[in-house]
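Enquirer: Need coordinates for the below:
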Amino acid sequence: MKTTRRSKRAILFVIGVLIALYVLSPFYLVLVNSFKKQTDIVQDPVGMHGASFSQLTENLNAVINNSNFRFWYAFGTSAVITVASLVLLILFGSMAAWVISRNHKRGWAIAIYMIFIASMIIPFQVVMLPLIATFRDVGKFVGINMLQSVPGLIFAYCGFGGAMTVFILTGFIKGVPYELEEAAAIDGCSPEGTFFRIIFPLLRPVITTLTILNGMWLWNDYLLPSLMLGQNGKVKTLPVAVQAFVGSYVRQWNLILGAALLAMLPMIIVFLIGQKQIMSGMVEGAVKG
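Expert: Numbers count the residues shown, from 1 in each chain. As a prediction, the model looks like this:
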């Protein structure tokens, strides 16, 4: 029995290592070749030949100071969109989840919750073209350009990210004792005060998880910004700016991979710092739900 268990563990370990190598290989190529010159990348794209920190600094400075890339402008645009979308998703998503979880036996609450769940099943590719047409028509009706604007993109992200946010938060809030709210009501606390003073602080673990997960999605998303902002528009998020930069420097792989590394680094750092919070928040929310 022990020999069988050890052999199974060894097989699973080998499979896990192979999967990890397969998943990490693109990042390895980006990271290693960011340290090289163009000629060294062509000669040896996989090995460490020619890699140096001085060349990495030179590549990154060339990318950051490039007038076509406009790194800091694209970085600021992505940061504003990500932060604003996260704040709105967490704020309104937690409110909706609280109302649904406390009225989960009522028909209207069940119907709203099922609508949120159903929206998670529909692929984005199915609705992306109708979405653009709808945003164009709404913009004409209200007199605001919903396309090629940061507010319009934030509004779209709130719609697409709201379903998962409400789903996870609802499962977590169901595990919060209702007696806490009753005690607050006896003490004269309003429903708004009960939510912000009692419920919302208790959501910190799952909010941390949602912030990191949604933040990585918002920061790295390319398809929706490219559709709404346009690839040649003045306003660009960092992934769209990297794609436009690649089109301008097709053969300069040291600059292209340096731009890709700059776009990936913020979320890699965030994930490495918050990976424990992601797992604990997901597990705690699943157990309480």
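
Enquirer: list the contacts for the nearest residue in space to residue 95 that is not next to it in sequence?
Expert: Nearest residue to residue 95 in three dimensions, chain neighbours excluded: residue 195, at 6.9 Å (C-beta to C-beta, 6 or more residues apart in numbering). To be clear about C-beta, it is placed using only N, CA and C from the backbone, and glycine gets the same treatment. Applying C-beta atoms under 8 Å, 6 or more residues apart in numbering, one finds that residue 195 lies in contact with 94, 95, 98.

Enquirer: Can you give me the pLDDT of residue 195?
Expert: Confidence at residue 195, expressed as pLDDT, is 90.

Enquirer: mind checking the SS state of it?
Expert: The local conformation at residue 195, judged by DSSP: H, G, I helix; E, B strand; the rest coil, is helix.

Enquirer: Please report how far it lies from residue 175.
Expert: 16 Å (C-beta to C-beta, to the nearest Å).

Enquirer: now stretch 117-128, how far from the centre of its chain.
Expert: 17 Å (C-alpha atoms, centre = their mean, to the nearest Å).

Enquirer: Start and end of it, how far apart?
Expert: Across stretch 117-128, the terminal residues are separated by 19 Å (C-alpha to C-alpha, to the nearest Å).

Enquirer: Same check on stretch 192-211?
Expert: 23 Å.

Enquirer: Phi, psi for residue 34 please.
Expert: Main-chain torsions, residue 34, degrees, to the nearest 10: phi -70, psi -20.

Enquirer: again, but for residue 209
Expert: Dihedral angles (degrees, to the nearest 10) for residue 209: phi -60, psi -50.

Enquirer: and it, how many neighbours?
Expert: Residues lying near residue 209 (other C-beta atoms under 10 Å) number 22.

Enquirer: unless I'm mixing things up, it is touching residue 169, no?
Expert: No. Look at residue 209 against residue 169 with C-beta atoms under 8 Å: they stay out of range, at 10.1 Å.

Enquirer: any idea which helix or strand carries the most centrally placed residue in the chain?
Expert: A centroid search over the chain (C-alpha atoms, centre = their mean) returns residue 217, at 1.9 Å, as the residue closest to the centre. Per DSSP states H and E: residue 217 is located in helix 204-220.

Enquirer: Now do the buried residues in that helix.
Expert: Of the residues in helix 204-220, 205-220 count as buried by neighbour count, 16 or more other C-beta atoms under 10 Å.

Enquirer: From those, pick the one nearest residue 247.
Expert: Lowest distance from residue 247 to the buried residues of helix 204-220 (C-beta to C-beta) belongs to residue 220, with 19.1 Å.

Enquirer: related to what we said a few turns ago, and after the helix holding residue 217, which helix or strand comes next?
Expert: Note on helix 204-220: by DSSP H and E, the next helix or strand toward the C-terminus is helix 223-228.

Enquirer: ok, back up a step: determine how far the helix holding residue 217 lies from the middle of the whole chain.
Expert: 6 Å.

Enquirer: Begin at 38 from now on, thanks
Expert: Sure, I'll start numbering at 38, so the last one becomes helix 241-257.

Enquirer: out of the contacts of residue 232, who's nearest residue 106?
Expert: residue 131 (37.2 Å).

Enquirer: can you pull the contacts of residue 93?
Expert: Counted by C-beta under 8 Å, 6+ apart, residue 93 has contacts 71, 72, 295.
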